[in-house]
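*Asks:* quick check, what structure comes out for this input:
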Amino acid sequence: MRIRRKLELYPAKQELDEALVSMIVKDTQPCSIVDDVGFRAFVFKLDPNYVLPTRQALKAMVGAKYDSAKEKAMANVEKVPASKVVPHQTVLENPSGVLGETCSCILVHASIFSTL
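*Replies:* Coordinates of the predicted model:
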């Protein structure tokens, strides 16, 4: 109930939390940045009403963003018609004389997409 009241009193918190998560992901910042004195002071100057999430809460938010992006990427891959996937097989020989085999798939006329 207490958290709900805080969100009602400060509706921009979720938007700011999402922006923080995006910054952490795009700039490969550590979640511990929320504990840094200088960062906390900077955020306070920008918006004194915003309360930074804890490191643990931020870590959970980043994990949720990862899971969402992974699901989106998998959905995009599943949309590629099987006729556009061309199997490619290569047989390799290493110095010990043992044959190895590697398989890969090449997507023909695939478009590049980003989920983040």
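
*Asks:* with adjacent residues omitted, what lies nearest to Glu18?
*Replies:* Met61 (8.0 Å; C-beta to C-beta, 6 or more residues apart in numbering). Yep, even glycine has a C-beta here, placed from its N, CA and C like the rest.

*Asks:* what's around the one you found, how many residues?
*Replies:* 18 (other C-beta atoms under 10 Å).

*Asks:* wait, it touches Thr54, no?
*Replies:* No: contact criterion C-beta atoms under 8 Å: Met61 and Thr54 do not qualify, at 10.4 Å.

*Asks:* quick one: the strands in this protein?
*Replies:* 85-93, 99-107 (DSSP state E).

*Asks:* could you list the low-confidence segments of this protein?
*Replies:* By pLDDT under 70, the low-scoring segments of the chain are 1-9, 80-116.

*Asks:* which helix in it runs the most residues?
*Replies:* Ranked by residue count and defined by DSSP state H, the top helix of the chain is helix 55-78.

*Asks:* what's stretch 26-38 in contact with?
*Replies:* 20, 23-24, 39-40, 52-55, 58-59, 62, 116 (C-beta atoms under 8 Å, 6 or more residues apart in numbering).

*Asks:* out of those residues, which end up buried?
*Replies:* Leu20, Ile24, Leu52, Pro53, Leu58, Lys59, Val62 (16 or more other C-beta atoms under 10 Å).

*Asks:* was I right to think the fourth one contacts Leu20?
*Replies:* The one in question is Pro53. Yes: counting by C-beta under 8 Å, Pro53 touches Leu20, with 7.3 Å between them.
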